[in-house]
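1. Quick one: sequence plus predicted model below, questions after.
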Amino acid sequence: MKVRGFIVACVLMLFQQSSFSQEVSDTTGTSQMLGSKSRKSLRKTPEPNILFPDTLHKGRLIGVLSTQGAIYVGSLTGLYFLWYKDYAQSNFHFFNDNSEWLQMDKMGHFLSSYYLSRVVYNSYRWAGVKEGKSIIFGSLLAYAFMLNIEILDGFSAGWGFSVGDLAANTAGCLLFMGQQFGWHEQRFMLKYSYHPSKYPKYNPELLGNNIVQNMVKDYNGMSVWLSGNIYSFLPRESKFPKWLNVAVGYGAEGLGVNVPGFDKYRKFFLSVDVDLTRIPTRSKVLKGIFTLLNIVKIPFPALEYNTKGQFKFHPLYF
């Protein structure tokens, strides 16, 4: 099971997101201080210069480039010595793993590449790089990082370069890039949720020995959601809650175990969600916390349909 890219990407997302969320909240606060006349003159779709400066800040840019370079080299070097070095190497080869894990591993790549694109984009905009360049740099650098992991897999005897993983990485970067170019905001975002499942005890080596490992290894308890903001498609004068989203999710059961009675099947969900970054608050601390937590799907009632032909209602689904 290839969770290395997902683990490293999550670490990078949390590190950089925490580094820049405070600065983003500062500039967001500035936009909230605009007079009523200025607010009325703005389109509902935010202009690129509302949240970030359009004047290049060389000191910040040097810091961004230095930090990203150190993280990029350090994470890939560490990944090689902590993971790949202990496994047999081979000539570069491809490996088709698209039928494994019912594509839940691909959803992890989709999620990781999307958020890496957002984080790198935010860091360049914080440094004053123009909107268009920041979108391109953010997406391409995230794509390059994930591509390097696939190349390392290509030289590992136990795995191989996965075209399916590459396609999922591409989709995540394009989801961010397309929305940012089209709307200058993310009206649809990817989110993650997890609940403990019954499966790890039957294969703890593969699915994890504790809750922390389970959260990145046990695909049975994971769901990946596409959460869409309703207000962003409504007229500016609408009184609809700005923070309320509708979400569709994907999950699977019976993965990583070979136990009689455990069926392998897909699950599809419909639920509501909250875009925490759209909740009004003047607290910079809360804005930073909301930014960090927004990757997690808020537990709400959910309707499930699975490939066993069953409909299920969950009063509260994690």
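-> Right, received. Where do you want to start?
2. next SSE after the one helix or strand in the chain whose mean pLDDT sits lowest?
-> Counting by mean pLDDT, DSSP states H and E, the chain has its least confident helix or strand at helix 36-41, which shows a mean of 38. Next helix or strand after helix 36-41 toward the C-terminus (DSSP states H and E): helix 58-82.
3. centre of the chain versus that next one, how much separation?
-> 19 Å (Cα atoms, centre = their mean, to the nearest Å).
4. Skip ahead from that helix and say which helix or strand is next.
-> Using DSSP H and E, the helix or strand that directly follows helix 58-82 along the chain is helix 104-126.
5. how about low-confidence regions in the stretch 1-150 of the chain?
-> For the stretch 1-150 of the chain, the stretches flagged by pLDDT under 70 are 1-51.
6. May I have stretch 172-188 exported as CSV, CA atoms only?
-> Taking Å, rounded to 0.1, in the frame of the first residue of the first chain, the C-alpha atoms of stretch 172-188 are listed here in CSV:
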residue,chain,number,x,y,z
GLY,A,172,-6.0,17.5,-7.9
CYS,A,173,-3.7,20.2,-9.3
LEU,A,174,-6.2,21.0,-12.1
LEU,A,175,-9.1,21.2,-9.6
PHE,A,176,-7.2,24.0,-7.8
MET,A,177,-5.9,25.7,-10.9
GLY,A,178,-9.2,25.8,-12.8
GLN,A,179,-11.1,27.3,-9.9
GLN,A,180,-8.5,29.9,-9.1
PHE,A,181,-8.2,31.0,-12.7
GLY,A,182,-11.9,31.0,-13.2
TRP,A,183,-13.2,32.4,-9.9
HIS,A,184,-10.2,33.6,-7.9
GLU,A,185,-11.5,31.4,-5.1
GLN,A,186,-12.1,27.8,-4.3
ARG,A,187,-15.9,27.2,-4.4
PHE,A,188,-15.4,23.4,-4.4
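7. buried ones in that stretch?
-> Neighbour counts over stretch 172-188 (16 or more other Cβ atoms under 10 Å) mark G172, C173, L175, F176, M177, Q179, Q180, H184, E185, Q186, R187, F188 as buried. C-beta coordinates here come from the backbone N, C-alpha and C atoms, glycine included.
8. Which two of those residues have the greatest separation?
-> Within those, two members stand farthest from each other by Cβ to Cβ: G172 and H184, at 18.9 Å.
9. where does V257 fall, phi/psi-wise?
-> phi -130, psi 160 (degrees, to the nearest 10).
10. give me every residue that touches it.
-> Y199, Y202, N203, L207 (Cβ atoms under 8 Å, 6 or more residues apart in numbering).
11. Looking at those, which one is closest to V246?
-> Nearest to V246 among the contacts of V257, with distances taken as Cβ to Cβ, is Y199, at 29.3 Å.
12. so the closest one touches L255, yeah?
-> Yes - counting by Cβ atoms under 8 Å, Y199 does reach L255; the two are 7.2 Å apart.
13. Identify the contacts common to the two.
-> Overlap of the contact sets of Y199 and L255 (by Cβ under 8 Å, 6+ apart) consists of N220.
14. Now Q186: closest residue in space, sequence neighbours ignored.
-> Spatial nearest neighbour of Q186, excluding adjacent residues (Cβ to Cβ, 6 or more residues apart in numbering): Q179 at 5.2 Å.
15. Is the one you found in a helix, a strand, or coil?
-> helix (DSSP: H, G, I helix; E, B strand; the rest coil).
16. which residues touch it?
-> By Cβ under 8 Å, 6+ apart, the contact list for Q179 reads E185, Q186, R187, F188.
17. Go ahead and confirm the first one touches Y231.
-> No - look at E185 against Y231 with Cβ under 8 Å: they stay out of range, at 11.3 Å.
18. Only the buried residues of whichever strand or helix holds F145, if you could.
-> If you go by DSSP H and E, F145 is part of helix 131-154. Residues of helix 131-154 classed as buried: 131, 134-139, 141-143, 145-147, 149-150, 152-154 (neighbour count, 16+ other Cβ under 10 Å).
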